[in-house]
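sequence and predicted structure are below.
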Amino acid sequence: MKPKNILFILLSVLLGLGILMLIFPKDGIKISENFTLQFMTWDEFLKPVKNKDITDILSGNTIDEDTVKFVEVDLYDSMYIDSVLVLYKPVLISVDSTLQRIEFPKNADTILDPLFKTLSSLQTSGELIHILHYGDSQIEVDRMTDYFRMKLQATFGGYGAGFHSGLQTYDFALPIVVSYSDNWFKYTVFPHKDSLITHRRFGISTSYSTFKSIIDSTEEEINAWIKFDKSPSAYSNVKKYNQVKLFYGQNSTNVAVKLYDGENLLFSDILPANESLQIKTWQFESTPSSLKIEYTGTSSPEIYGYSFESYTGVMVDNISVRGSGGTFFGSMDLSLMGQMFAAMNVRLILLQFGGNAIGRDSSNIVKYAGYLGSQMKYLKNIAPNAQIIVIGPADMSEKMKNSYVTRELLPFLIDEMKKVTFENNCAFWNMYEAMGGQNSMPSWVFHDPPLAEKDFIHFTPQGAKIVAQMFYKALIVEYNEYLKQQSLVQ
């Protein structure tokens, strides 16, 4: 075939493709319920979707796991004369870069000051405080929480994994490895509440457990056990604790409980019959290598969870609720939750939700934001000493022809979440913008090593640590501003 004929054929094909791009429907031709025929438009040909360049974001936040260690830092200037502290002053904490700061309602950039006041005085107050990190599947397996906890405890003191529900909905080995006898029952408020449960007592973790079924009316004595082991994958700060607190209630008869470290009996106690929240504390001279708790009784208490703590410092508790939009608080016993918040000295609540509310309907997003705002009102009423920071969802991609693009309504969802957050006088951190904004998720997915999963929604553990580092820096920047405004530093 002659060259001019080849050229003619190529030009004809290109012309035909060009005409097809002009006349082909932008939304494609629906062949069946699950199949739509798509073709590139001229706009897509001339302006292809480009993934966000996240080089600058990662350059200041990449984490080398081999170098991450739990190291206590010198947070305070102090002077001792004859073992007496005569000078105490907090110091600024070094932060190399902050790409996305925490946002506040207009004229309300001091709403986190009570938290910062507590943190700045922990050295002398000897307080133990809790930070509750609520979230959806994005924080499962202690993702984000693990790094944030490690940094806060290294900075302000404390160690231990904090609150743990005991029985896990999913088999995760972080931050603690849990095993238990096969006669336990777990009851949750989300996604569905058991129709046999007539109360709303689920504690702070949206669930409770018993070793006797709620439909078992026999008086037979039952034995059950649960064991907590150190996770080899966890940071060293969560492998140590001085005390364990058991949060329980509603057992109709006395229940015997024994604690073991391996075969060594540590404690033997009785949990008296009760109809209200009870907290049992066990303290240890050294951290058990493997803690086993055995229960014996004809009735089972409602066990709301365990807390693995130091005596002072900061606890950060991971409470993940897969598939949730964070609108479950109103379905629980708020009085019980308030009692637990007070007993735990909760000073900060992180609400990391939104990804499960994206949908395709903007009116539903507006409704969701309203529901989320009501949750903030509930929490502010039952935890008056705690501040709230809402962490918006990450970028979420869907495949459009040959490109992965940000879900169409995601920016609108984030704007609505921020709006209702400010209306309730709470702070907001925009994770979407922190990771690069529109069309940034593919850059995290295709990074080497991958920083997000192939579902284009969830971070990998490495990516989650990077985002957690960015949030930690954003919080510390505001903490430093507080110290300056209070003239605590020069």
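Ah, there it is.

tell me the spacing between Ser443 and Asp109.
31 Å (CB to CB, to the nearest Å). Backbone N, C-alpha and C define where each C-beta goes, glycine included.

which one's more surrounded, those two?
Between Ser443 and Asp109, counted using other CB atoms under 10 Å, Ser443 has the larger neighbour count: 22 against 16.

who's in contact with that one?
If a contact means CB atoms under 8 Å, 6 or more residues apart in numbering, then Ser443 has 51-54, 436 as its contacts.

what does it show for phi and psi?
Phi and psi for Ser443, reported as degrees, to the nearest 10, are phi -70, psi -30.

any idea how far it is from Leu58?
In terms of CB to CB, Ser443 sits 9 Å off from Leu58.

where do the domain boundaries of the protein fall?
3-46, 52-158+312-490, 162-310 (automatic domain parsing).

save these as CSV, and put in mean pLDDT too.
Converted to CSV, these look like this (pLDDT from 0 to 100):
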stretch, mean pLDDT
domain 3-46, 62
domain 52-158+312-490, 89
domain 162-310, 95
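
can you verify my assumption that Leu379 contacts Phe328?
No - Leu379 lies out of contact with Phe328 (CB atoms under 8 Å); the separation is 11.6 Å.

so where do the helices sit in the stretch 151-300 of the chain?
Here the stretch 151-300 of the chain has no helices by DSSP state H, counting those that start in this stretch.

max-length helix in the protein?
Using DSSP state H to define each element, the chain has its longest helix at helix 461-485.

and that one, what does it pack onto?
Helix 461-485 sits against helix 113-120, helix 145-156, helix 431-434, with contacts defined as 3 or more CB pairs under 8 Å, 6 or more residues apart in numbering; DSSP states H and E.

could you pull out the buried residues of that helix?
461-483 (16 or more other CB atoms under 10 Å).

count the neighbours of Ile215 for me.
8.

quick one: contacts for it?
Counting by CB under 8 Å, 6+ apart, Ile215 has contacts Leu196.

distance check, it against Tyr180.
Counting by CB to CB, the gap from Ile215 to Tyr180 is 20 Å.

return the distance of stretch 229-243 from the chain's centre.
Put simply, stretch 229-243 sits 18 Å off its chain's centre (CA atoms, centre = their mean, to the nearest Å).

now it - C-alpha only, PDB.
Taking C-alpha atoms only, stretch 229-243 is exported to PDB below (Å, rounded to 0.1, in the frame of the first residue of the first chain):
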ATOM      1  CA  ASP A 229      -1.600  -9.400  74.800                       C
ATOM      2  CA  LYS A 230       0.900  -6.900  73.500                       C
ATOM      3  CA  SER A 231       0.800  -6.400  69.800                       C
ATOM      4  CA  PRO A 232       4.200  -6.800  68.100                       C
ATOM      5  CA  SER A 233       3.200  -4.200  65.500                       C
ATOM      6  CA  ALA A 234       2.200  -1.500  68.100                       C
ATOM      7  CA  TYR A 235       4.400   1.400  69.200                       C
ATOM      8  CA  SER A 236       6.200   0.800  72.400                       C
ATOM      9  CA  ASN A 237       4.200   3.400  74.300                       C
ATOM     10  CA  VAL A 238       1.000   1.200  74.200                       C
ATOM     11  CA  LYS A 239       2.900  -1.900  75.400                       C
ATOM     12  CA  LYS A 240       3.200  -0.400  78.900                       C
ATOM     13  CA  TYR A 241       0.600   0.500  81.400                       C
ATOM     14  CA  ASN A 242       0.300   0.900  85.200                       C
ATOM     15  CA  GLN A 243      -3.400   0.300  85.700                       C
END
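
quick one: the helices in the stretch 351-490 of the chain?
Going by DSSP H, counting those that start in this stretch, the stretch 351-490 of the chain shows helices at 362-382, 410-423, 431-434, 441-445, 461-485.

the last one vs helix 113-120, what angle?
Spelled out, it's helix 461-485. Here helix 461-485 runs at an angle of 100 degrees relative to helix 113-120 (axes from the mean of the first three to the mean of the last three CA atoms, to 10 degrees).

helix 461-485 vs helix 145-156, what angle?
Helix 461-485 and helix 145-156 are oriented at 30 degrees to each other (the same axes, to 10 degrees).

starting at the chain centroid, how far to helix 461-485?
15 Å.

could we number from 47 for the rest of this?
Got it, first residue is 47 now, which makes that one helix 507-531.
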